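In: here are the coordinates; sequence isn't available:
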Ligand SMILES: Cc1ncc(COP(=O)(O)O)c(C=O)c1O
Ligand SMILES: Cc1ncc(COP(=O)(O)O)c(C=O)c1O
């Protein structure tokens, strides 16, 4: 391991985090990616922009989100557990942090429209929300299968003034929605920004999204100090594309905290994947022996992504962060556990992190150690699904 | 109007706000009401209790909730509009403020169980949440009709470890759930606290719940100052039982702000009701010519209550607050308006307040005046219903 | 001391236990026939329920009766009008929730009740602290106001309630609404607490559903109040005959109890 | 200069416009018959698609063809094996997405392609900045790497792309993926920008679906690339005969254009 002060800095000139990242996009999109990178660099070093980003997070999105000491669950598990409450952010997850940054940047670039991909709809709803606030036109690409499964989220986006386009290509789910959004972006890149929903895609997206999400980690580090706890022994977050994990890791990358990413077993790009190129980036992907991308399968739509952000691939490779899979069967139990001991119904995504903590307390997480859980979202969106599954089980 | 410094103080020794309030309960419950009043007085003047109440609101419930300047809607309506964001509080509405206070009080009284009534389920979910956090046993009474209409909220409460009891008496809706909770309370008052969900019921509930909700108004007054806006010309809140309205009014009662309560037209106890005695209080009620209580009918389950808290009846009588009805037909439009102009999907309840503002901007609300909207809750819980209604309409 | 109390004290003085029966006004077209049957079979006083939409102190049986009565269009006026055809020799007390009188007008309600032959009222959601306006109206028309004493009532409140109650003190046997559970519960203790501070006749109610329970309760008090058990017979279509039979069972039971003690 | 570019320059020098046809490897069992038919009917070069699960630069037609090919179990190996039975006289270029080669191994991929008779590659999601490892592998095996130039490409990038591309420069006529819209769009402008800085043969592709469009595009460039229009024929079950007919239409159109200019 290298000197701790060097983790999670900006990527290199090619947008690489070690061996991962880069910019694998059609020539038609290269100028837009370059323009975006420049715009982001300029905005992110402009106090006016940064101040407005923070003001909107505070006044509109409800930041800072609190850290909740999970007292009863701590007693039960024998570790000292704290939750960073992204479930309390506007629209119900950390996704809002990123879209506020990107929509402000869109306006700054003089563009008046955003497009986005969405799986279950969380990022789509967040994008539609941030777009509505600024009066930007918004189109969301969503796999046809998901538009049916998540009809209420489709309606939510429509209420927010967005147009939802069902994607009928490929497996008709999230990864195809990304493909389709990219295809669309090619046609309208002049006046439209593609608001990617996680730390993925071509440079500068993985870096930019991490920067917009790092507010989570910076707040959390400060709050843990204020609580008198200081640096936790471990920081645990679920990983789909990896934006909530990257966001909270950013606050602790240069401390002694262990950084733990929890993947869905059916979409575990670190544990079960291999290097590959998809959606504009070189990263770890689940693919078959011929390099065809596999569909991810998880109980939680938000983790149903066959890849992981390139910076995570890098952090895994250098050993700064560790990644573990959690199977669907443990997720429901974890969701119920947090609900009944703490009065917080987590998103199925976040419940993966809870499940890992519940399993590893007393093992990989030594008894008595302090653990910071990133509670990336609330479970309201999942309650109907959980009910159906629990009814089936019993 | 009397000296402004005298509004919204504690009720008199009989628990009256002017001609309203009191304690109309069976003898069996009198000792519990007296005990509760004493416990509340003692707790509320005990810095240890008050500090813990504030700590839990901060660390668990996400307070302070922000005030969002609604810039685009302001432009549209010609008034300067601000929203107090109770929709960002844990569980999605202001209801959490009250239940945190009452569950802490329950523990302080040495009781280990709470019961609650609920209509659509918001207060039930909030109570189950706060109970889970403290490890209190929780039983929620819910009209059978509502358990069917709001099956997901029933499941949510169950996830949180609560038992939901369908109430089959009377109209099988909210007011019957209150009756049933009272009936049950009689049988278990020794070890059980009845956690009422609004500023209603026998003394000390209307006062106590207002006190627990007044955090909304106190925060808001401070935040409006911080924003450099100061006292708004009007403070607007929807009114079911009246707890969110009482909470925000409390911060502005002794200012020049107009206090506006917006009732559902189908449950307008101030405009369409008359004095009566129900659920332990003397207040304004919707009743027929023989004093039989009528069922309220509103698009929003949270406003489906045939009465109003006694302090509101008093504020209406002395003219310190004004109450207006809004019909169902205007509520859907208001919900869509706030969603698409500001990226905030309000609860149907809160959309009543939005609808009134949209209607009265330029009329009762002079152009250019500052208006503070209490956004009591988020609309996620209502999206399925709204979708069905909008589909029907079109 | 109002007439009704004098009468009820007299019964006690005669060594007889009092049986009070509860009937819901307007529950059937011929509801007064049930009351007559009960009087015939030996009740010493009758509570006449006036239905209310939200009967907070009542369990399922009386709730159903109230709903049925309301569906039939029953009002204070109609109950009082029906009472005109009731031949009765025992005191009648109106039992309902406060809003009914509050809405009708306190003064007007008391007047109507008095002229309709009622001699008192029981209003379970009107505690002592809130009762002054109603008691004033009742006083004006010679109506007694009966208060309930619960197992949870503190000694200090027992004293005030026993002092305030007129006609009799209603000792609730259990912490429960009507018709929920059965048995004499804490009745004996409640009665004892009242007797400690007052000589007012004290009857046990709430939960008395069988002759044995009635007998047990009567043994430790001045009488018993039977409600849901009677109303259930009517809801089941039992008719005046069913009421007569059931009342006789209770009557016999409490009289036997008295004899065995005597 | 690699062989393929010398050949293509020679065609231009001969005053003839180049027609490039795209075919999806493995889309049908007899897919090479379509390629042969196209060659017979006059294409000057062929792009051989190797199917990828996530074809980011392709519209619905080529997506469907890729899906069909994948369902049939098509792989780099199978496409190359099929090519053994293809009698061809014109250059073949592999077209696919980078992950296919990345996963198979760059060195291994380039070697296989070269031994299978391919003379170059087009990888639309591999921009110049990321291409070095692949170009190195291709160089080793004599494969040309073709780059695309888009309407959005800046002059400075046009220069670098024109310098780097081998065989020809692929001028995309519009800001769109394959098979989306039709017409020559910005093709002329893109070609002009390339010609400003390079003498590399420059063909217009993306959106050429009719003979007229092909003729117009060929007039302002060195040739045209036709993809979705041909693939659609195969998806519709058109067979080698259908391909032959359509290729002849394009051939005639661009040749006529040349004559009319000459
Ligand atoms: C609540 C929640 N957590 C986590 C994720 C996964 O995304 P990421 O890994 O980018 O944080 C999602 C995606 O929708 C989500 O909604
Ligand atoms: C969001 C919301 N607002 C308002 C109300 C009405 O209650 P109150 O008038 O007590 O604020 C409810 C009740 O469920 C609610 O859920």
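Out: Sure, I can see it. For clarity, every value in this text was computed on a predicted model and none was experimentally measured. Ligands and ions are numbered 1, 2, ... in the order given.

In: per-residue confidence for residue 217?
Out: If you meant another chain, say so; for now it's chain A. On pLDDT, residue A:217 comes in at 98.

In: ah, I was thinking of chain C
Out: pLDDT, residue C:217: 95.

In: Distance from the chain centre to the helix or strand where it lies, please.
Out: Assigned by DSSP states H and E, residue C:217 belongs to helix C:211-219. Taking C-alpha atoms, centre = their mean, to the nearest Å, one finds helix C:211-219 lying 17 Å from the centre of the chain it belongs to.

In: who's in contact with that helix?
Out: C:17, C:19, C:173, C:182-184, C:187, C:204, C:207-208, C:224, C:226, C:249-250, C:252-254, C:256-258, C:261 (C-beta atoms under 8 Å, 6 or more residues apart in numbering or on different chains). For every residue, glycine as well, the C-beta is placed using N, CA and C.

In: cool, stretch A:30-49 as well?
Out: By C-beta under 8 Å, 6+ apart, the residues outside stretch A:30-49 that reach it are A:15, A:23, A:25, A:50, A:104-105, A:108-109, A:185, A:189, A:193-194, A:202-205, A:208, A:211, A:280, D:127, D:129, D:150, D:152-154, D:157.

In: Is any residue of whichever helix or strand comes after the helix holding residue C:217 near chain B?
Out: Next helix or strand after helix C:211-219 toward the C-terminus (DSSP H and E): strand C:223-226. No. Strand C:223-226 stays clear of chain B (C-beta under 8 Å from any C-beta of the partner chain), getting no nearer than 14.5 Å.

In: does the next helix-or-strand element following strand C:223-226 come close to chain B?
Out: Per DSSP H and E, strand C:223-226 leads on to helix C:228-235 as the next helix or strand towards the C-terminus. No. Shown here: helix C:228-235 not in contact with chain B (C-beta under 8 Å from any C-beta), separated by at least 13.3 Å.

In: packing partners for helix C:228-235?
Out: Helix C:228-235 is packed against strand C:18-24, helix C:31-41, helix C:60-71, helix C:239-261, with contacts defined by 3 or more C-beta pairs under 8 Å, 6 or more residues apart in numbering or on different chains; DSSP states H and E.

In: of these, which approaches chain B most closely?
Out: Of all the helices and strands packed on helix C:228-235, helix C:60-71 sits nearest to chain B, with 5.2 Å by C-beta to the nearest C-beta.

In: Give me the residues contacting the closest one.
Out: Here helix C:60-71 makes contact (C-beta under 8 Å, 6+ apart) with B:169-170, B:292, C:22, C:24-28, C:49, C:51-53, C:55, C:58, C:178-179, C:227-228, C:231-232, C:234-235.

In: returning to that earlier point: quick check: ChimeraX command selecting the buried ones in the contacts of helix C:211-219.
Out: Of those, the buried ones can be selected in ChimeraX as follows, counting by 16 or more other C-beta atoms under 10 Å in any protein chain shown:
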select /C:17,19,173,182,183,184,187,204,207,208,224,226,249,250,253,254,257
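
In: Who are the contact partners of whichever residue of chain C sits closest to ligand 2?
Out: Residue nearest to ligand 2 within chain C: residue C:54 (18.7 Å; C-beta to the nearest ligand atom). Residue C:54 makes contacts with B:170, B:175-176, B:179, B:278-279, B:293, C:97, C:99, as judged by C-beta under 8 Å, 6+ apart.

In: just residue A:178 next, same as before
Out: So residue A:178 contacts A:117, A:141, A:196, A:201, A:279 (C-beta under 8 Å, 6+ apart).

In: The helix or strand it falls within to helix D:60-71, inter-axis angle?
Out: Here residue A:178, judged by DSSP H and E, is contained in helix A:174-188. If you take axes from the mean of the first three to the mean of the last three C-alpha atoms, to 10 degrees, helix A:174-188 sits at 150 degrees to helix D:60-71.

In: in helix A:174-188, what counts as buried?
Out: Per 16+ other C-beta under 10 Å, helix A:174-188 contains these buried residues: A:174-186, A:188.
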